[in-house]
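> After the sequence you'll find the predicted model.
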Amino acid sequence: MKKTILILVTTFIILGCKNEKQSNGKLNIVTTTSMITDLVKNIGGEHINLQGLMGSGVDPHLYKASEGDVTKLASADIIFYNGLHLEGKLVEVFEKMKSKKTIALGDNLDKSTLIGSDYFASNYDPHIWFNVDYWIESTQYVAKILSEAIPDKKPIFTTNSEVYIKKLKNLKTKLSSTIETLPKEARILVTAHDAFNYFGKAFNFEVVGLQGISTATEAGVQDVQKLSAFIIENNVKAIFIESSVPKRTIEALQAAVNSKGHHVIIGGSLYSDALGNSGTAEGTYIGMFEYNVNTIVNALK
Ligand code: ZN
């Protein structure tokens, strides 16, 4: 494994030196998750060559670089990634790419405000996009980095970020008013893995993930039993599957609850660590967040 990574990194460096810019003169920007791709697209627009590595339904915790990714990373001028060990299998690759400009959005945030976690080497919960305020800060950060890299486009990137931040602020207001319609005691969110802690903190939900904070460890029988008791005790009406995590764990949980005579429904599929298909509303950060909140509120009402 180590050897493979070393070869990949050597390839990046050799190819990277040859391909500073593509023939159209625009900088090559590579992003990891679909949330970050969407964010960078909103700021950079047609002024950058943008390539995202992870599509819809892809789990970043388990994602490994493919040969195609090696080519993309090799020709990248800037790589934007989440950091905080979200992309657990790519960390080693990024850390060795000293010749590349690798930018982790998580590094820009005030660490003292992040949610701690023992599951990650970073010691922080990496699911930062579920706090809209962090996404606003990340928008400003991306605009700053792109403006430094392409100074003559700075006014465009600044305007784009201002427009997008306005949309994100509107989103936050809209989500809050939808959540307001849900009684406080019904604000319990049970999902496949702990992706929604920042969401819970921002909107006063109690959040419980079956698999803990990363999908790298599978839920055990004990986790299922413990969580099914919690669901019954708190009279939770619905639990949720996630688009980037196999649904069998949540189905096992539902079966465990229902076998004890309590009825819990699967309230729908939430987008946690990846957006929906591109070209659909859920294929954007804003559309994804609205979809998630509508799905949660409708099922728990
Ligand atoms: Zn996750």
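Looks like it arrived, so ask away. Residues are numbered from 1 along each chain as shown.

> Excluding covalently adjacent residues, which one is nearest to whichever residue of the stretch 101-250 of the chain sits closest to the ion?
Going by C-beta to the ion, the ion is nearest to Ala195 of the stretch 101-250 of the chain, at 4.3 Å. C-beta coordinates here come from the backbone N, C-alpha and C atoms, glycine included. Nearest residue to Ala195 in three dimensions, chain neighbours excluded: Ser272, at 3.8 Å (C-beta to C-beta, 6 or more residues apart in numbering).

> now do Val91
His85 is the one closest to Val91 (C-beta to C-beta, 6+ apart), at 6.1 Å.

> Pretty sure that neighbour sits against Ala121.
Yes: His85 lies in contact with Ala121 (C-beta atoms under 8 Å); the separation is 5.0 Å.

> residues shared between the contacts of those two?
With contacts defined as C-beta atoms under 8 Å, 6 or more residues apart in numbering, the residues shared by His85 and Ala121 are Val91.

> So for these two, which sits in the more crowded spot?
Per other C-beta atoms under 10 Å, whichever of His85 and Ala121 has more neighbours is His85, with 20 against 9.

> next one: the longest helix along the chain to chain centre, how far?
Of all segments of type helix in the chain, defined using DSSP state H, the longest is helix 154-180. In this view, helix 154-180 has its centroid 18 Å away from the chain centroid, taken as C-alpha atoms, centre = their mean, to the nearest Å.

> which other residues reach whichever helix or strand comes after it?
Per DSSP states H and E, the first helix or strand lying C-terminal to helix 154-180 is strand 188-191. For strand 188-191, contacts defined as C-beta under 8 Å, 6+ apart pick out 196, 199-200, 205-210, 227, 230-231, 234, 236, 239-242, 250, 253, 270, 272, 296, 300.

> Stretch 115-130 now?
33, 35, 82-86, 88, 91, 105-106, 109, 111, 114, 134-135, 138, 194-199, 201-202, 212-214, 217, 272-273, 285.

> at 7 Å instead, please
Contact with stretch 115-130 is made by 35, 82, 84-86, 105-106, 109, 111, 114, 134-135, 195-199, 201, 212-214, 285, as judged by C-beta atoms under 7 Å, 6 or more residues apart in numbering.

> repeat for stretch 152-167
In contact with stretch 152-167 (C-beta under 7 Å, 6+ apart) are residues 42-43, 45, 47, 136, 139-140, 143, 146-147, 286.

> element containing the residue nearest to Ala195, please.
Going by DSSP H and E, Ser272 is not in any helix or strand.

> Verify the contact between it and Ser244 for me.
Yes: judged on C-beta atoms under 7 Å, Ser272 makes contact with Ser244 at a distance of 6.0 Å.

> got the residues of the chain near the ion?
195, 273 (C-beta under 5 Å from the ion).
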